[in-house]
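this one's structure only:
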């Protein structure tokens, strides 16, 4: 459950953002370029940016993972396909334990050196031998990968210790670095890689503490029309909004109440597209009484006014959650309609049913309308949310007033993000909000939600299953899911997992979280949109899907 | 007398307190940067990776006194560590980018509000009881009672967003080449207008009142009556006699204000995204960047102490009565 | 005239906040309307981004803000008077020691320290008040000490001491009454300081966004991009409330300033207030 995938603010930070170009008050942000204006993207945060282009560092610049270093393949969560990148395809062996990747011909690094299997091998081995490198492949390399070999310059073979087909997505998302440069790097953990050499469509051209520019890599393996990118650090939502509205930005993230504030200013050119990829949940700590009781969780769920959450926190631009906590758009064909119908009433506001369920669970109602728990304590808990996550704080307020109607007190407390993450991930919270994991299949989501393997004792950090719920039956289903590469079989298993989720309701789904994205077509067209949904629009640093967008962008007529 | 050596001793004591406080403060804060990192990159880091990163970040679980000893020895060698939020950039490098901007913004706004405020105050004192005296100081004070960030945000919204007359933030635009050229200087100036202007607006009242009160005290002195009796022109009496004598206590305040330059601009820098030390400190606090936070806090405290010491020295040199 | 105007504004604001349960019986958190509705007969000051009534928030929020400001003002003044008088009365080694502590506290940068402290303590008005008292008393102590020292030289104090009066009695009966104007001016300045600095902290997100106060109202307005969406009323209302309160206190302070001999008055009170305003 990466919290970053949800909060509006953090998304703006993560997916970020922005361009303060022309902060000298000019309306045209760019000085004359030989091939037209640079594409201005909101994706960096801070008034001063450090020059760090190390793809293995958490603190590196956005462009490192989204414009300079490419992955082997790109999981496109809008079309549901695994798109080729440095690798053109993959095959699983019959026992689903050996993964063979075929690499693209004719790719060169930006310094002219040819790219090949030695680079892939080197990158993966580097991550295995150096602890502390951040990357998608870190977990599978540590847990499942046995050997990595390169039979020839264009083939890489990865042997796993057991059949874990979902590991594919993590392995192929890893950004690849050039062996001839990184083998000379003394310590890849502290390397800042100031002059990056990658295979991506751009190369670094100018760097200043307040921003940087990339120009097109003429050796890139596919045709890209845009002459380059411009990124500068922004420091707050106000700056982003002002820059977006003044037409300085081509590609950004969230704008508040977009129809009113953004589209209305220039309906022909200002667009946004917010597809939904994950749900926001009310998370209860299931290690505490009475949250260990599914009946209590369901009673809470039925007391919640989800429609108001969507109206107030998301300007009415999303939908309330279904009973399994998976957005229907994001997993076409994976959701079982009968299970959804069965669980419908638990995620629908019904105060009478909620009150009845609480009465039945032994929550006595006092004269002041407030309930006490079966142990005789006041039914009051703290609902903590990180400071500054405005949509969550606002949703938490609605959760609190909804529960108050049923006699339950939820005190909304905002705490600093560091404080929030250590409290929540350490299992020391009572109530909080969280978001489901998004992925190629619902496997990761259900593993986080239901698997005993992800349950850690209270006090030990667990970032994915922080509600700390495990189910032995779900474990068996998850193991079976991972062992097969047959999608029909996986879908059958997923339906059973959904059934367990609805019966147990380990977390309480609230609403579908949009994947923020906005663009301006004054200078460039071809951005992904509802009509042209070829890739995600969000430029989240956790997902390499921006590489799918660059080749599609054309200068506006 | 023994005034100066005693002051130096005092500053050393204050410095020691600041260094100690500086060590303990961030360690009292809950949460730790590594957990935040895991949260951000969940699934991309294993437990071993996390441990390796904690080691690289210098987040050790050693006893507090041991950490304190390490901190002191590093401090004496001038090692301030690496920034966690911008790992592995050294803290000194991060601060280096902000230092100059804070100094520029601070000096410009302090000197401007001092100059304007003192002139208004001097005139008000000279014309004590006049219409100017009954309007200007209260108005200046009232302007100062607006919450600074409220006025700053309003100014930002009106001038930068609504009318797009002035830049939104930063210290200079992306399109000018930093260097010694007119275009760059003009751009830096344009970026200074809003932050410095708003600070001047709210801080002017204090200088008005200060100058007015000091002047009134001085104006009652005999030598001024004498000068007036001699028939000297009004501007001459105000400028050469009254203001000059009133300036000494004011000088102390000015020194203190300059010492506060790094400490006092935090809100200005945050609102206008001005890349100075105050903004960096705010960022360091919100991202739990201990080393950066400590270095900034230390720098700010030391700058105040040094300026205080300089003011003391200057006072001794300027005022014969203290000698 | 100035003090009357200041007093009148202050009285109206305080009364409105005291009468909050009558003026806005639904409380500040009731969210029944749509987001960012313009001022109307139903919502005098419009609604905010959460669909809450801005007027209700203003009168309820004022209670928290004013209470916080007042407790910081009284708290710092008490500490400052106590420390200042003790140092001045006893003199000698005690004075040296106290002055050393005061001067050290004075050199610690206030706002940065406040921000660091506010970030690690549990968020809320009590935390903010405590932090502001811890960091804010030293200047007053120095001010009071200086004033008291000058009184100490006077004959009537010396006479009282010679007459064998107990220290406490001398302080309470002889020193204190002669310091009232300085103390009152200082208190005014501290309340203004607390109101603006506290609101600034809440605005920066270091307060408790779940509790309504003028500072958190500004925080919400900023976070909901109120100005951008044209909902100026959510931003201007709490800002003006703070400004009016601080302004009327400044007027009172100014009148107090004028009431006392400017030559006697240390260059503190009002100047300190504006100085701090800039910081806070």
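Now that the structure is in, tell me what you want to look at. What you see is a predicted model; the values in this text were computed from it and never measured.

Helices along the stretch 351-500 of chain A, start to end?
Per DSSP state H, counting those that start in this stretch, the stretch 351-500 of chain A carries helices over the ranges A:351-360, A:390-405, A:417-425, A:443-450, A:472-483, A:487-504.

how about those helices in TSV, adding mean neighbour count?
The way it works is simple: take the backbone N, C-alpha and C, and place the C-beta from them, glycine included. Shown next, in TSV, are those (neighbours: other Cβ atoms under 10 Å in any protein chain shown):
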stretch	mean neighbour count
helix A:351-360	17
helix A:390-405	24
helix A:417-425	24
helix A:443-450	25
helix A:472-483	17
helix A:487-504	19
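
Identify whichever of those helices lies nearest to residue A:274.
Of all the helices of the stretch 351-500 of chain A, helix A:390-405 sits nearest to residue A:274, with 12.3 Å by Cβ to Cβ.

Now do that closest one: which elements does it pack against?
For helix A:390-405, the packing partners by 3 or more Cβ pairs under 8 Å, 6 or more residues apart in numbering or on different chains; DSSP states H and E come out as helix A:8-14, strand A:276-284, helix A:306-313, strand A:380-386, strand A:409-415, strand A:431-435, strand A:508-514.

looking at those, which one has the lowest mean pLDDT?
Lowest mean pLDDT within these: helix A:8-14, at a mean of 34.

What's the first helix or strand after it?
Per DSSP states H and E, helix A:8-14 leads on to strand A:39-45 as the next helix or strand towards the C-terminus.

From the contact counts, what lies against the very next helix or strand once past that following strand?
Later in the chain than strand A:39-45, the nearest helix or strand by DSSP H and E is helix A:62-63. In terms of contacts (3+ Cβ pairs under 8 Å, 6+ apart), helix A:62-63 is packed against strand A:39-45, strand A:228-234.

Quick check: bridge partners of the closest residue in space to residue A:430 that isn't next to it in sequence?
Excluding its sequence neighbours, the residue lying closest to residue A:430 (Cβ to Cβ, 6 or more residues apart in numbering or on different chains) is residue A:381, at 4.1 Å. Taking DSSP bridges as the rule, residue A:381 bridges to residue A:410.

hang on, the earlier thing: could I get the helices of the stretch 351-500 of chain A as a markdown table with mean pLDDT and distance to residue B:165?
Converted to a markdown table, the helices of the stretch 351-500 of chain A look like this (pLDDT from 0 to 100; distance: least, Cβ to Cβ, whole Å):
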| stretch | mean pLDDT | distance to residue B:165 |
| --- | --- | --- |
| helix A:351-360 | 95 | 53 |
| helix A:390-405 | 88 | 29 |
| helix A:417-425 | 81 | 35 |
| helix A:443-450 | 92 | 50 |
| helix A:472-483 | 94 | 60 |
| helix A:487-504 | 95 | 55 |
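
can I get the helices and strands packed on helix A:390-405 in a markdown table with mean neighbour count?
Compiled in a markdown table, those are given as follows (neighbours: other Cβ under 10 Å):
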| stretch | mean neighbour count |
| --- | --- |
| helix A:8-14 | 23 |
| strand A:276-284 | 25 |
| helix A:306-313 | 21 |
| strand A:380-386 | 21 |
| strand A:409-415 | 21 |
| strand A:431-435 | 25 |
| strand A:508-514 | 26 |
